[in-house]
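Trainee: this one's sequence-less:
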């Protein structure tokens, strides 16, 4: 367990410049995704998961996070990816709607700080399975970073 | 004064509410004369405290009212007068008004004008009542005043509490205030308005720590209030004018002893009381000295805490319990002796802590039950009923949140009982009950739950009314209703939007109620159960869990996954081992697994299959050498859950599931086990739903059905068990059987298509039951190989018929009701359970009828119905429709006399299903007695058997005809004795009709004819 130092959302004090936003990045099936770092409570190593029979297939199960029961979601299944998920998955614990959910990812990346106005719109060609959770795309070096909206994930599942 | 800090105000309101509750309870005791001196003192003290604190906080109106009430109470306390009922009303009215005002204060900080206007009536009323009650007691009262005087002078701590509190305040009152003069004469009555100025002085001289932030009132403020007390005094002047003279000495006595320098200190210390060291309630309860002194011990040892803090503690203890469990598991793997001892100790301490923390949240149910005295009292007065409320087990404790949660449902149920359940005195008298109806609320612990029972001895639930209403509201069809067992019909009152009240009263009857009650009770994990008998009353049982946070659970395992089930839902655990004989094993019924549990058929759910973990085919279950069944109780009935393994019992902390899992009805939450693993908690009703268990009662939407826990009341009846040569057990009601015979197969001859044997000089037609009913497995000829054939001879219409069976097995007395819902074809009454077997009961008469119809090509046996006597129809216009007829029948009460349990039940059911109200008796004697005691025209008709013990049908009719009020009562004979001599005799003794037993349609037809329901 290594709690991410959720550095206080430094929104750039220089009034003229664009806002700087920090994203916590991770890999799912070799693709890079990011979540607003303020929404991430912590990142936890693979944990024993209790399966929930009859639940949707993307609901991976329940984990015990220091006495709290947290629902873990498999992003592989949520995004309907064809690639097989590795046996051990990292938990990105996010706060959503007063509750905690764990997004299961293959690998944890760095926290990156990006200009708020450098993003690009999500292309329409992206499969709906992923696109409905994406807000925007950043070009980070050679990589493309898809930004996910935790609330969208949470609400899509509840709705 | 309105700028009081919120906490202080809350404290005031909280205390006032508490006192109001206590007052209400105590007044109830006084009214029922179950009080003692302490009750009276307590009432007086509370009133006094309310008055004091209200004045202190500037709630003048409450203060005035409380003062007037206190004044009125004083003579009562001193036993100068007894409480009149009008006085009681006024006092209750006062409590209500104070309650309303406090609510108003808590909402918007003021007493509310609409409330205060009520004072104008109430205060003078109280005064008047006091005067009139005092009437002849002036002298006594004067003596009293003398007594006061001595108390005042001595001011000794040992004297009666309130009396003491009052004068001691008196002595500290600055006499410069004009008000006391006019007030003092109240002192003679023991009422201490004089204290008011004292209280004001408190705020003036020594702002309390609690209210320090409030603006310090100017002296003028005090004066501002004084005229008010003068006003109040004036309004009471009439009451006390006679006392002024005698009062004066005591007043002066009081003034004389005024130790002015002590004022400030005394006031700071206790707002006018004794400054008992360390007694800091003075700040909060400036005028509570009377009470405080008495409850001194209690006061010092209690403390007010925020409920949220307790909740927090509860959660933390929950976590601690989990850690404890983990430590214990770790200890099991550890050999260190010291560590083991430590963990042992941790275990004990944690358990105790858990217990005690739970206790902090416990409240006696009495806190809500006692207020029903009031509810019942008011309602009985409004409704003109005489009602006695009995409370039992008020000390039973429940979690605070649960106490709150059951409050509204309980209120509703009590109101229902009083309004609908109990009859008016005259109606009760007519029904031979005492005029005073009783409502008993009983609470007790049972199996880790608290049961609250509301029981009335009222009219009970009427099947007709409920059924009719349900049909009207489109909840179910006539046919569904007709097939529905009594319990299910009663349970219909829990269906949404259902109400049987004839008219909507302001108390109940709007049809929002029972369903809400049910949902509310179920939401807190409780259950509601109802049983009712017409004219005997209704009992409603609420089963409430003790607490919500930590629940005892059973941990089970399937396919390596653990699940928890709340223990309250677990009835028992059954281990089924498959033995060679194959008995006592899991069976398949229409492909669904079932198990015979002590004679009751228990539907089974395979957890594995239900949760889609592994699809076991039901056949595998049957073949499995060992099956573990957890018998569960759900609203839709009992069922068995097949699990791989029963692991353990554990106290678990329920954690809610995230919102996205809420649609999974099979789980009610999750918990963390000792080893840190998350385990899902199974939701029992949800499981039943998932397994489509409840589909059977879909037609009773909203109705509850409790198959296992409570059997329908029934009498034992004898059945002839027969072997039909097909699988399954069959029985014929013994009362239908004439003889049992055996014949050689070669004696059977064929006449046309009909098999017959010669029997007693005539031909006995034989009917092969299995073949006739087209039962699966019944061959064309049952037993050509057998060397004997067994015949059940049944007489119908003076003709004998033989039912061919393979074997006569036994005659058995069965005390169980036939479930006619399980009758899938004509010729079968239904099924009943005997021991571990399901028995199909054959309708022999129907079989014969149908068989004759078949043979003769359509025409059935002529039915014997002899009209013997003309009657005047009670209904003048014929029914236009079936529903119309049913409604008409609903108003008619039938007395059914029948000694055979089977027929009694069968005929009753049939008549009730046709719409009639039926009362049964077991012989003519009892029947006649019932009629004798009934009021005129209570019964519309008598239907009676002829052959009965003690007094037979013929003799009964003779007596009925001889009695004036029943001379013209229609009486129908329903009998197997249909020879001509019998019928002639029937005519002679005065039967209106003579019918053969038993064809329901014909009976109802004849009844309808007599009543004029059909032209």
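Mentor: That came through, no problem. Here the structure is a predicted model, which means the values were calculated and not measured.
Trainee: Each with direction, which strands does whichever strand or helix holds residue B:642 pair with?
Mentor: Using DSSP states H and E, residue B:642 sits within strand B:637-643. According to DSSP bridges, strand B:637-643 forms sheet pairs with strand B:600-606 (parallel), strand B:626-634 (antiparallel).
Trainee: And for it, what's in contact with it?
Mentor: Residues lying outside strand B:637-643 but in contact with it, judged by C-beta atoms under 8 Å, 6 or more residues apart in numbering or on different chains, are B:556-558, B:565, B:571, B:574, B:586, B:593, B:595, B:597, B:600, B:602-608, B:621, B:627-632, B:682, B:687-688, B:691, B:693, B:697, B:705-709. All C-beta spots, glycine's among them, are computed from the backbone N, C-alpha and C.
Trainee: how far is it from where the chain is centred?
Mentor: Between the centre of strand B:637-643 and the centre of its host chain there is 26 Å, according to C-alpha atoms, centre = their mean, to the nearest Å.
Trainee: what is the rounded mean pLDDT of that strand?
Mentor: pLDDT averaged over strand B:637-643 equals 87, rounded to a whole number.
Trainee: can you check stretch B:450-458 too?
Mentor: For stretch B:450-458, the mean confidence score works out to 88.
Trainee: same question, stretch B:992-1000
Mentor: 78.
Trainee: For that stretch, buried residues please.
Mentor: Within stretch B:992-1000, the residues that qualify as buried by neighbour count (16 or more other C-beta atoms under 10 Å in any protein chain shown) are B:992-999.
Trainee: what helix or strand is the residue of chain A found nearest chain B on?
Mentor: Residue nearest to chain B within chain A: residue A:53 (3.6 Å; C-beta to the nearest C-beta). In this structure, residue A:53 sits in neither a helix nor a strand according to DSSP H and E.
Trainee: Give me the contact list for the lengthiest helix in chain A.
Mentor: Residue-count comparison of every helix in chain A, with assignments taken from DSSP state H, identifies helix A:150-158 as the longest. Helix A:150-158 is touched from outside by A:35-36, A:39, A:56, A:73, A:78, A:94-97, A:101, A:103, A:132-133, A:135, B:659-660, with contacts defined as C-beta under 8 Å, 6+ apart.
Trainee: Drop anything exposed from those residues.
Mentor: Neighbour counting by 16+ other C-beta under 10 Å classes A:35-36, A:39, A:73, A:78, A:94, A:96, A:101, A:103, A:133, B:659-660 among the contacts of helix A:150-158 as buried.
Trainee: Tell me which of those residues fall in helices.
Mentor: Filtering the buried ones among the contacts of helix A:150-158 for membership in helices, criterion DSSP H, returns residue A:78.
Trainee: ok so, going back, got a ChimeraX select line for the buried ones in the contacts of strand B:637-643?
Mentor: For selection in ChimeraX, the members of those meeting the burial criterion (16+ other C-beta under 10 Å) are listed in this command:
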select /B:556,557,558,565,571,574,586,593,595,597,602,603,604,605,606,607,608,621,627,628,629,630,631,632,682,687,688,691,693,697,705,706,707,708
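Trainee: Roughly how far does the residue sitting nearest the centre point of chain A sit from residue B:1007?
Mentor: Here the mean C-alpha position of chain A is nearest to the C-alpha of residue A:35 (C-alpha atoms, centre = their mean), at a distance of 4.9 Å. With distances taken as C-beta to C-beta, to the nearest Å, residue A:35 is found 78 Å from residue B:1007.
Trainee: Any residues of chain B in contact with chain A? List them.
Mentor: Residues of chain B lying close to chain A (C-beta under 8 Å from any C-beta of the partner chain) are B:319, B:322, B:561, B:611-613, B:655, B:657-661, B:664, B:666-667, B:670-672, B:676-680, B:690.
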